[in-house]
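In: Any chance you could fold what I've pasted below:
(chains A, B, C, D, E, F and G)
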Amino acid sequence: MLKPLGDRVVIELVAQEEKTASGIVLPDTAKEKPSEGKIVAVGTGRVLENGERVGLEVSEGDHIIFSKYAGTEVKYEGNEYLILRESDILAVIG
Amino acid sequence: MLKPLGDRVVIELVAQEEKTASGIVLPDTAKEKPSEGKIVAVGTGRVLENGERVGLEVSEGDHIIFSKYAGTEVKYEGNEYLILRESDILAVIG
Amino acid sequence: MLKPLGDRVVIELVAQEEKTASGIVLPDTAKEKPSEGKIVAVGTGRVLENGERVGLEVSEGDHIIFSKYAGTEVKYEGNEYLILRESDILAVIG
Amino acid sequence: MLKPLGDRVVIELVAQEEKTASGIVLPDTAKEKPSEGKIVAVGTGRVLENGERVGLEVSEGDHIIFSKYAGTEVKYEGNEYLILRESDILAVIG
Amino acid sequence: MLKPLGDRVVIELVAQEEKTASGIVLPDTAKEKPSEGKIVAVGTGRVLENGERVGLEVSEGDHIIFSKYAGTEVKYEGNEYLILRESDILAVIG
Amino acid sequence: MLKPLGDRVVIELVAQEEKTASGIVLPDTAKEKPSEGKIVAVGTGRVLENGERVGLEVSEGDHIIFSKYAGTEVKYEGNEYLILRESDILAVIG
Amino acid sequence: MLKPLGDRVVIELVAQEEKTASGIVLPDTAKEKPSEGKIVAVGTGRVLENGERVGLEVSEGDHIIFSKYAGTEVKYEGNEYLILRESDILAVIG
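Out: Below is the predicted model:
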């Protein structure tokens, strides 16, 4: 299991065919294009300057849209994942 | 449905013909030019260093002017949206 | 009506002839040159890290001097405006 | 009257002949060279993150030395002024 | 013994053959590639602006994935180590 | 008299012959080289975000070592001074 | 005596032959290489935004590893020292 640190999440990329199924089509323009993924693990959150830890807004299982060039790829037990900070997540599809 | 995170909003772009109707005409100068949109979803707000979450000033349905190059485009269920941070919103037209 | 967000203001530019009338003449040097405007709307202010919102120092109707290249131009109902942050305002003429 | 905002001051530049009189002579080296002025108006100060406003250390009438390239020049009712932030003031001559 | 300061950790790099055994395979793409290590010492944590010290989320013995170009290499008593900040650690493998 | 603002100090440069006497010799390498001075005036200190003002660690009369390229030179009543921020002071010689 | 300010320390560089004795050998790679020193004086620490001063984690006599290009060299009473910030210290050898 991969346990992300702080305000990070581990996601599985959602393949192109699923992407069409869930209704997300990326427009063909010069603007930044987001990608879609499913959260498989969330960190414990970031620590505020008053010592309080703030949990993440997202949960395991959430389908999310994130900034295309964000995150770090890893392969673990044969699967590919991406580790992102919560701030790179734009929206939850729900 | 797209649920934006933190201090983000999801907007529909307002087309040029509507733009004329609502009275906004962009001047033809070298300064930064804003665009107009309608908010369809708002995030839960950002978390302050004292742990308090600050809701957004804008609400679903607001017509807004935003910085032209701000945000990330997404298509969802056949419609185009833009996901912005509240700080990229200049004013509400009301 | 344009309602600016946070610590922003909406101003009308003061034309060159009015500018002479009110006594402001911009010197011809290499230093940054300010411009003059009249505030037509003010935002609700910025939120501090303790959750308190700080109102603006300026009010509707104030004549101000601001940094020349600051702000974003908009046309609304046939009039031209500039949307500035309060931090771009140098002084009130009063 | 020019009322500067926040932690800004309005100053009159002190001419070269007065400068000699008050004893300040700028050395001829490659280091940053300061200039001298007299404060004619001070802002209300900056707002801390706890909501408190901190008044300025300088007062109307103070003779100051400031960083040479700081500030914005304005002409108002036929006189030239410079608008500076307090942080650009190096010392008071007293 | 190496005692890291603040929010730093000392790690042993995990060799390529172990890496395969534990299931991490780095994908062959242009994205940032992480590395794997085992924590041998942790610092006392960083000090918040309220004076409180926040301990690290990771502990001695943890297997971690970290950003590939992070950290500083040292050799100590014949062994090679890497000293990282906790913020360069992406996830714990557990 | 020059009264420095905030966390600034006014220093007299210590001449090369005095420098040798007090035991400081600058090494001839590519690293940043410090200079030596004597403090003739100190500011009232900086204001923290809780509104408290923190006095300086150094006092009038202290011999200090400071970063070579720091500060602003002024001549006042025929003498040369340097105005520094306390953060540019490396150590007190005592 | 050299008394460093704030969160600074004064160190003596540990010569190459001692370095081998204490077991530190710097690897021959492109990564940032640390150096070794012995602390001869520590500052009083940095001041937090709540007014509290935080003492340093290191003490006089500590053997430390620091970032190679950090700090400022001084010669004092015939000896060479390096003045560092505590944040440039990677670990204590103990």
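In: lowest-confidence helix or strand of chain A?
Out: Least confident element among the helices and strands of chain A, by mean pLDDT, DSSP states H and E: helix A:16-21 (a mean of 45).
In: C-terminal to that helix, what's the next element?
Out: Using DSSP states H and E, the helix or strand that follows helix A:16-21 towards the C-terminus is strand A:34-42.
In: who's in contact with the residue nearest to A:E36 when sequence neighbours are not counted?
Out: Closest residue to A:E36 apart from its sequence neighbours, by Cβ to Cβ, 6 or more residues apart in numbering or on different chains: A:V14 at 4.4 Å. C-beta coordinates here come from the backbone N, C-alpha and C atoms, glycine included. Contacts for A:V14 (Cβ atoms under 8 Å, 6 or more residues apart in numbering or on different chains) come out as A:S22, A:E36, A:G37, A:K38, A:H63.
In: State which one residue of chain A is found closest to chain G.
Out: A:E49 (8.2 Å; Cβ to the nearest Cβ).
In: State the helix or strand in which that residue lies.
Out: Per DSSP H and E: A:E49 is located in neither a helix nor a strand.
In: And it, how far from D:G45?
Out: Note on A:E49: its distance to D:G45, by Cβ to Cβ, to the nearest Å, is 24 Å.
In: got any ranges where chain A has weak pLDDT?
Out: A:16-33 (pLDDT under 70).
In: Ramachandran angles for A:E86?
Out: Main-chain dihedrals, A:E86, degrees, to the nearest 10: phi -60, psi -30.
In: how near is it to A:G6?
Out: For A:E86, the distance to A:G6 - Cβ to Cβ - is 9 Å.
In: Tell me which of those two has more neighbours.
Out: Ranked by neighbour count (other Cβ atoms under 10 Å in any protein chain shown), A:E86 and A:G6 place A:E86 first, with 24 against 18.
In: Using the three-state scheme, assign A:V92.
Out: strand (DSSP: H, G, I helix; E, B strand; the rest coil).
In: Next up, the contacts around the residue nearest to A:E12 when sequence neighbours are not counted.
Out: With sequence-adjacent residues excluded and distances taken as Cβ to Cβ, 6+ apart, A:E12 is closest to A:K38, at 5.0 Å. Residues near A:K38 by Cβ under 8 Å, 6+ apart: A:I11, A:E12, A:V14, A:G61, A:D62, A:H63, A:I64.
In: Those residues: which two are farthest apart?
Out: Greatest spatial distance among those (Cβ to Cβ): A:V14 and A:G61, at 12.6 Å.
In: For chain F, what's its nearest residue on chain A.
Out: Closest point on chain A to chain F, by Cβ to the nearest Cβ, is A:E49, at 10.2 Å.
In: what's the burial count for that residue?
Out: Neighbours around A:E49, by other Cβ under 10 Å: 17.
In: Quick check: the gap between it and G:E49.
Out: Distance from A:E49 to G:E49, by Cβ to Cβ: 8 Å.
In: Overlap of the contact sets of those two?
Out: Joint contacts of A:E49 and G:E49 (Cβ under 8 Å, 6+ apart) are E:E49.
In: In chain A, which residue sits furthest out from the middle?
Out: Of all residues in chain A, A:N50 has its C-alpha farthest from the mean position, at 27.0 Å, by Cα atoms, centre = their mean.
In: surely that residue meets E:V54?
Out: No: A:N50 lies out of contact with E:V54 (Cβ atoms under 8 Å); the separation is 11.0 Å.
In: what is in contact with those two at once?
Out: E:L48.
In: If A:Y81 is in a bridge, with which residues?
Out: A:V74 (DSSP bridges).
In: Measure how buried it is and give me the count.
Out: Using other Cβ under 10 Å, A:Y81 has 25 other residues around it.
In: do the one 10 residues further on as well
Out: A count of neighbours around A:A91, defined by other Cβ under 10 Å, yields 25.
In: That one reaches B:M1, doesn't it?
Out: No: A:A91 lies out of contact with B:M1 (Cβ under 8 Å); the separation is 9.2 Å.
In: Can you classify A:S87 as helix, strand or coil?
Out: A:S87 ends up helix, using three-state DSSP.
In: wait, it sits on A:V9?
Out: No: in this structure A:S87 lies outside contact range of A:V9 using Cβ under 8 Å: 10.6 Å.
In: Pick out whichever of the two has more residues nearby.
Out: A:V9 (28 against 14).
In: check contacts around the more buried one.
Out: Going by Cβ under 8 Å, 6+ apart, the list of residues near A:V9 reads A:I39, A:A41, A:V42, A:G43, A:L56, A:V58, A:I83, A:L84, A:R85, A:E86, A:I89.
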